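*Asks:* got a predicted model here, sequence first, then my questions.
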Amino acid sequence: MSDSMTPATPVMHGTYEISADPARIDAARVHHWLSTDAYWALGRPREKQDAAIAGSLNLGAYHRETGEMAAYARVVTDYATFAWLCDVYVDRPARGTGLGTALVTAVRDHLAPHGLGRIMLATADAHGVYEKVGFSPLRNPDKWMALGQQ
């Protein structure tokens, strides 16, 4: 593991601890959440999800008493110029507690020391969560293009 990927000190949010420690990720739980309850990843195969986890920075939120994972976020980044925040998911019982905002804040803060020029994301329904952390709509969306699913 390179220095740029070393897990930072966990962040506390109420009864949850947010950590970038890859050893704590519950890959089976993440796959279940995303493949059955996330509109952007419905039906995603376990092998594809495991490969995505292996090639990314992953943050999880864990209940401080039980250690059970309650939220997840994945970041694809070069740690130099760019990052794409994706697969952000908060377990249904933990929603409404501010955990999603805390998780995205932890992602932003974890990446801040790297001086990235841009962190991107796409969302169909959580604009308010991301705006609280500083994200805003693209000023020039006509400059952006995509290859593949849209």
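*Replies:* Looks like it arrived, so ask away.

*Asks:* from Val129, how far off is the spatially most central residue of the chain?
*Replies:* The geometric centre of the chain, computed from its C-alpha atoms, lies nearest to Ala73 (Cα atoms, centre = their mean), at 1.8 Å. To Val129, Ala73 is 11 Å away according to Cβ to Cβ, to the nearest Å. Every C-beta, even on glycine, is put in place using the N, C-alpha and C of the backbone.

*Asks:* what's the overlap in contacts for these two?
*Replies:* Val104 (Cβ atoms under 8 Å, 6 or more residues apart in numbering).

*Asks:* on that earlier part again, contacting residues for the residue nearest to the centre of the chain?
*Replies:* Counted by Cβ under 8 Å, 6+ apart, Ala73 has contacts 58-60, 85-89, 103-104, 107.

*Asks:* repeat that for Ala41.
*Replies:* Contacts of Ala41 (Cβ under 8 Å, 6+ apart): 34-35, 49, 87.

*Asks:* export the residues you listed to TSV and tack on distance to Arg64?
*Replies:* Formatted as TSV, the contacts of Ala41 follow (distance: Cβ to Cβ, whole Å):
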residue	distance to Arg64
Leu34	24
Ser35	27
Gln49	26
Asp87	23
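
*Asks:* the residue lying closest to Pro93 once chain neighbours are set aside: helix or strand, and which one exactly?
*Replies:* Excluding the flanking residues, the one nearest Pro93 by Cβ to Cβ, 6 or more residues apart in numbering is Ala70, at 7.7 Å. Ala70 is part of strand 69-77 when elements are defined by DSSP states H and E.
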